[in-house]
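K.L.:
Mind looking at a prediction? Sequence and model below.
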Amino acid sequence: MSRSGHTSLPLSGIKVLDLTRALAGPFCTMILGDLGADIIKVEPINGDMIRQWGPFDRKTSAYYLSGNRNKRGIALDFRHSETPAILLEMVKQCDVVVENFKPGTMELLGLGHEKLSALFPKLIFVSVTGFGRDGPAGGQPGFDQIAQGYSGLMSVTGSQESGPTRVGVAIGDQTSGMWAAIGTLAALLHRTTSGLGQRVDTSLLASLVGLLSVQGQRYLSLGEVPGLAGNTHPVIAPYGVFQTSDGPLNIAPATSEMWLKLCAALDLASLTTDPKFISNELRIQHRHELKDLLEQKLTQQPRSHWTKLLLDLGIPAGPINNMADVFSDPQVKHLGLVEQVQHSTLGLIKQVGNPIRMDNLQGESIRRPPPVLGEHTNEILMEMGWSASSVEELLNRGVVVQAKNEEATI
């Protein structure tokens, strides 16, 4: 029985060889692991680069912890002549291979898509790159903030005071991982009828352009180049952040009915007949003046007062929480978004779990903690057909690395 309370999770029986590092690829495989796939995370003997990124919890990277739950870990020397053959044997026993190397690296390892698909027609080969596998920028290395700027996302994020601003999390990496996971799921479903695997490909650039939504469509349909949106909705007014007597509050009266209710609640019914505010288009033109008028009333009471009042009227409103606020919030707790799992060196740790709820994905989603480097090397190799003596020989020659007994769960 799994920690989710079910014997069969949605991706039970699917084995994934995870050759990814940093965040975009690992985020993809973590999602697949959450859904029940057996994720074999392959790392070089000095570890995934993300292990060196702080902050650190007792020498363990919080960044690494955030993207590697529900995986087993194996460490090997990628420079050793025997490594490609080991990886090829592992690929043979997997349904999916996920990689986010610079284009061409898998071919140098002798593990390119053309070769693997010929050997294993049912294999699903997933690639995440920075800017695509080919094209004018295809060979450029991919880093989240570069992609945020390149994609246009930063051009609509931020205010006139701040200038273009990156999103506060690695949205390009994580979005790429999500798109890659969706593509993998589609390929697995297609395989059930076709009997064949296929290549799944996305990039940080493509993933973020895919999120441009109405801002992108404004340009494609109307030729408009949107500017910095700040904390206001680009095409609805009033809608955004407003000051109260004790701090900022998000208010989102998205319909004409909500606009009328907001004016009534603030004793500003005269605004509903003011020629400058009688339509959404006009309110957008005069949004700064409108914001000043609304805040003259809103600053007379605290956020808690307005939140309750507006919600009771059916007007969406809510606080701007910091991390402490978020993880102490009753609704966040109710949704079970934080889970605990026993880590082999850190003990009991808390992590943000998978937000998806399904009939056979109920309860806790974290079945395995993020592995320490080489935690399951022996286990994985012997499970895949290597004898104990063969594994011992690989260990002695430094081809693979197994975590020390006191650091590993074997």
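P.N.:
Yep, it's here.
K.L.:
how many neighbours does His334 have?
P.N.:
His334: 8 surrounding residues under other Cβ atoms under 10 Å. (Glycine included, C-beta is placed from N, CA and C.)
K.L.:
again, but for the one 3 residues further on
P.N.:
Using other Cβ under 10 Å, Leu337 is surrounded by 17 other residues.
K.L.:
Tell me which residues of stretch 331-341 come out buried.
P.N.:
By 16 or more other Cβ atoms under 10 Å, the buried positions in stretch 331-341 come out as 337, 339, 341.
K.L.:
how long is it from one end to the other?
P.N.:
Distance between the boundary residues of stretch 331-341 (Cα to Cα, to the nearest Å) amounts to 21 Å.
K.L.:
which residues are contacting that stretch?
P.N.:
69, 326-327, 348-353, 355, 363-369 (Cβ atoms under 8 Å, 6 or more residues apart in numbering).
K.L.:
and with 10 Å instead?
P.N.:
Stretch 331-341 is contacted from outside by 3, 69-70, 321, 325-327, 329, 348-355, 357, 362-370, using Cβ atoms under 10 Å, 6 or more residues apart in numbering.
K.L.:
hey, where'd the strands end up in this structure?
P.N.:
15-18, 38-44, 56-57, 60-61, 72-76, 96-99, 124-129, 199-203, 240-244, 247-251, 317-319, 338-343, 347-352, 400-401 (DSSP state E).
K.L.:
I'd like the ones you listed as a markdown table, with mean pLDDT appended.
P.N.:
Below are those laid out as a markdown table (pLDDT from 0 to 100):
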| stretch | mean pLDDT |
| --- | --- |
| strand 15-18 | 98 |
| strand 38-44 | 98 |
| strand 56-57 | 96 |
| strand 60-61 | 96 |
| strand 72-76 | 98 |
| strand 96-99 | 98 |
| strand 124-129 | 98 |
| strand 199-203 | 97 |
| strand 240-244 | 97 |
| strand 247-251 | 97 |
| strand 317-319 | 95 |
| strand 338-343 | 97 |
| strand 347-352 | 97 |
| strand 400-401 | 96 |
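K.L.:
okay, those strands in TSV with distance to Gly142 next?
P.N.:
Converted to TSV, those look like this (distance: least, Cβ to Cβ, whole Å):
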stretch	distance to Gly142
strand 15-18	18
strand 38-44	19
strand 56-57	25
strand 60-61	20
strand 72-76	24
strand 96-99	13
strand 124-129	6
strand 199-203	7
strand 240-244	32
strand 247-251	32
strand 317-319	34
strand 338-343	29
strand 347-352	24
strand 400-401	28
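K.L.:
Quick one: closest of the ones you listed to Ala388.
P.N.:
strand 400-401 (13.2 Å; Cβ to Cβ).
K.L.:
So which other helices or strands are in contact with that closest one?
P.N.:
Here strand 400-401 touches strand 72-76, helix 377-383, helix 388-396, going by 3 or more Cβ pairs under 10 Å, 6 or more residues apart in numbering; DSSP states H and E.
K.L.:
Pro202 contacts Phe131, doesn't it?
P.N.:
No Pro there; residue 202 is Thr. No: between Thr202 and Phe131 there is no contact under Cβ atoms under 10 Å: 11.0 Å.
K.L.:
hey, what's Ser203 bridged with?
P.N.:
Counting by DSSP bridges, Ser203 is bridged to Thr129.
K.L.:
What remains of the contacts of stretch 331-341 if I keep only buried residues?
P.N.:
Here, 16+ other Cβ under 10 Å leaves 69-70, 349, 351, 353-354, 365-370 buried among the contacts of stretch 331-341.
K.L.:
residues touching the residue most central in space within the chain, list them.
P.N.:
The chain has Gln174 as the residue nearest its centroid, 2.9 Å off, counting by Cα atoms, centre = their mean. Residues near Gln174 by Cβ under 10 Å, 6+ apart: 23-24, 27-28, 31, 66-67, 144, 167, 207.
K.L.:
And for Arg303?
P.N.:
Neighbour list for Arg303: 242-250, 317-320 [criterion: Cβ under 10 Å, 6+ apart].
K.L.:
and what of Ser387?
P.N.:
381, 393.
K.L.:
so how far is Asn378 from it?
P.N.:
11 Å (Cβ to Cβ, to the nearest Å).
K.L.:
Kindly tell me how buried Ser8 is, as a neighbour count.
P.N.:
11.
K.L.:
Chain neighbours aside, what residue packs nearest to it?
P.N.:
Nearest-residue entry for Ser8: Asn360, 6.4 Å, with adjacent residues in sequence omitted and distances by Cβ to Cβ, 6 or more residues apart in numbering.
K.L.:
burial count for Asp359?
P.N.:
Residues near Asp359, counting by other Cβ under 10 Å: 7.
K.L.:
Can we start the residue count at 28 from this point?
P.N.:
Got it, the first residue is 28 from now on, which makes the last one we talked about Asp386.
K.L.:
okay, it: pLDDT?
P.N.:
At Asp386, the pLDDT value in this model is 86.
K.L.:
Look up phi and psi at it.
P.N.:
The phi and psi values for Asp386, taken as degrees, to the nearest 10, are phi -60, psi -40.
K.L.:
Lys303 too?
P.N.:
The phi/psi pair for Lys303 (degrees, to the nearest 10) is phi -80, psi -10.
K.L.:
Would you check that it makes contact with Ala264?
P.N.:
No: counting by Cβ under 10 Å, Lys303 stays clear of Ala264, with 11.1 Å between them.
K.L.:
Mutual contacts of those two, please.
P.N.:
Common neighbours of Lys303 and Ala264 (Cβ under 10 Å, 6+ apart) are 309-310, 312-313, 317.
K.L.:
Can you select the buried ones from those residues in PyMOL?
P.N.:
Per 16+ other Cβ under 10 Å, the buried members of the shared contacts of Lys303 and Ala264 correspond to this PyMOL selection:
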select buried, resi 310+317
